[in-house]
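Enquirer: here's a sequence, model it:
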Amino acid sequence: MSILTAIFQAIFQAITWVFPLSENAYSSMFHDFSSRFSGENSALTGIVHIGIALGIIIAMYKAFLSGGKEFFGIFTDLFSHKKPFANQKPGRQFTSMSLVTMAIMLLGLIPCGKGRIVYSLLNTTCYNQTLLDDGIFLAVTGLLVLLACKKMAVGNTASNVSLLPAIAVGVAGILLIPVSGLSLVGGVFCILVLLGVSKNLAFRYSAVISVPALVIMGIVELCVNTTSATVLQIILGLVLSAVAAFLSVRVLKFMVDKLYIKYIGIYDISLGVITAIIGIFELVFRSRV
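Expert: Next up is the predicted model:
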């Protein structure tokens, strides 16, 4: 793997993860056009995911400082024999609901036979020798973005994330993380907005939720990788992905505020339709081979 490849991968993965573009969809396209259907991971991929998490934390450091304080506050209350969830202040409720969402998403780690977990089974959409499903799900992502934009244009002012939205995005997250064409950050944001949560709160929630997922993915990929990386590639991957993620978060926040994110929705739908059509031709021609 060349240094140039490491640079491109770090930047591209960060952009497609933070924006509602679906990192898995572009990875699937690359694997499909290069006829690589093994589903194997490289060490660099794991490093990049950890770097993206770092960039998001830096970009949203106030949210993570507040969440960390409330997280330890919950355990302090428990050891003090207090009711940790009786405190209905916005910070405590935000952290509590985040934990509910993360706990539900952990169901994706349930074993499902042949050494697989639910996430790895669903991730086979990235290398199943057709782009049809990738295109369909990418178009779905674009549709969610446009619907969310329409909702934001009307206005929504929910003061915090309640239990129902927290459960909804937790269940959705089981699909949003591994399925090619879907986006965790984009999907969680759009679902929360459609359920009446304000755009600023939904944006913060989606960013916070994505970090544990990235760290876990990165660690797993480092443990099971089949392609190693050099020290220089690791440094470049970590630093560049963190910088790209940081900038992407700031740009995405601006686009959300101005509703420019609708253009990403249009792009997703357009690319999704083209990708699905390619997938149909693949099904036809590969079935004849």
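Enquirer: count of neighbours near residue 26?
Expert: Neighbouring residues of residue 26 were enumerated by other Cβ atoms under 10 Å; the total is 20. Just so you know, the C-beta spots here come from the backbone N, C-alpha and C atoms, and that holds for glycine as well.
Enquirer: need the three-state assignment for it.
Expert: Recorded secondary structure, residue 26: helix (DSSP: H, G, I helix; E, B strand; the rest coil).
Enquirer: nearest residue to it other than its sequence neighbours?
Expert: residue 16 (5.3 Å; Cβ to Cβ, 6 or more residues apart in numbering).
Enquirer: the one you found: which element?
Expert: Counting by DSSP states H and E, the element that carries residue 16 is helix 3-18.
Enquirer: what sits up against that helix?
Expert: In this structure, residues lying in contact with helix 3-18 by Cβ atoms under 8 Å, 6 or more residues apart in numbering are 21-23, 25-26, 44-45, 48-49, 51-52, 55-56, 183-185, 210, 214, 229, 232-233, 236-242, 244-245, 248-249, 252.
Enquirer: mind running it again at 6 Å?
Expert: The contact list for helix 3-18 (Cβ atoms under 6 Å, 6 or more residues apart in numbering) reads 23, 26, 44, 48, 52, 185, 233, 236-237, 240-241, 244-245, 248-249, 252.
Enquirer: need the max-distance pair from these.
Expert: 233 and 252 (26.8 Å; Cβ to Cβ).
Enquirer: how many neighbours does residue 270 have?
Expert: Residue 270 - counted by other Cβ under 10 Å - has 13 other residues nearby.
Enquirer: where does the stretch 101-250 of the chain dip in pLDDT?
Expert: Within the stretch 101-250 of the chain, the stretches with pLDDT under 70 are 115, 156-159, 226.
Enquirer: which residues of it fall in helices?
Expert: Taking DSSP state H, counting those that start in this stretch as the criterion, the stretch 101-250 of the chain contains helices spanning 118-122, 132-154, 163-176, 184-194, 199-224, 231-258.
Enquirer: could you identify which of those helices is most buried?
Expert: Comparing the helices of the stretch 101-250 of the chain by mean neighbour count (mean count of other Cβ atoms under 10 Å), helix 184-194 comes out on top with a mean of 26.
Enquirer: for the residue nearest to residue 266 when sequence neighbours are not counted, what are its contacts?
Expert: Among residues not flanking residue 266 along the chain, residue 142 sits closest, at 6.8 Å (Cβ to Cβ, 6+ apart). Contact analysis of residue 142 by Cβ under 6 Å, 6+ apart lists 265, 268-269.
Enquirer: with residue 97 instead?
Expert: With contacts taken as Cβ under 6 Å, 6+ apart, residue 97 has the following neighbours: 161, 166.
Enquirer: still on that earlier bit, which members of the contacts of residue 142 occur in helices, if any?
Expert: With helices identified by DSSP state H, the entries of these that belong to them are 265, 268-269.
Enquirer: most neighbours among these, which one?
Expert: Neighbour counts for those were taken using other Cβ under 10 Å; the highest belongs to residue 268, which has 28 neighbours.
Enquirer: hang on, that residue packs against residue 138?
Expert: Yes - in terms of Cβ atoms under 6 Å, residue 268 counts as a neighbour of residue 138; the distance is 5.4 Å.
Enquirer: need the overlap of contacts for the two.
Expert: Looking at what touches both residue 268 and residue 138 (by Cβ under 6 Å, 6+ apart), there is no common residue.
Enquirer: and for residue 117, the neighbour number?
Expert: Look at residue 117: counted by other Cβ under 10 Å, it has 17 neighbours.
Enquirer: isn't it right up against residue 123?
Expert: No - with contact defined as Cβ under 6 Å, residue 117 does not reach residue 123; the gap is 9.5 Å.
Enquirer: residue 138 and residue 25, how far apart?
Expert: Relative to residue 25, residue 138 is positioned 5 Å away (criterion: Cβ to Cβ, to the nearest Å).
Enquirer: and if you look at residue 72?
Expert: From residue 72 over to residue 25 the distance is 37 Å, taken as Cβ to Cβ.
Enquirer: what residues are up against residue 191?
Expert: Neighbour list for residue 191: 169, 172 [criterion: Cβ under 6 Å, 6+ apart].
Enquirer: can you rerun that using 10 Å?
Expert: 144, 147-148, 165, 168-169, 171-173, 176, 197, 202, 206 (Cβ atoms under 10 Å, 6 or more residues apart in numbering).
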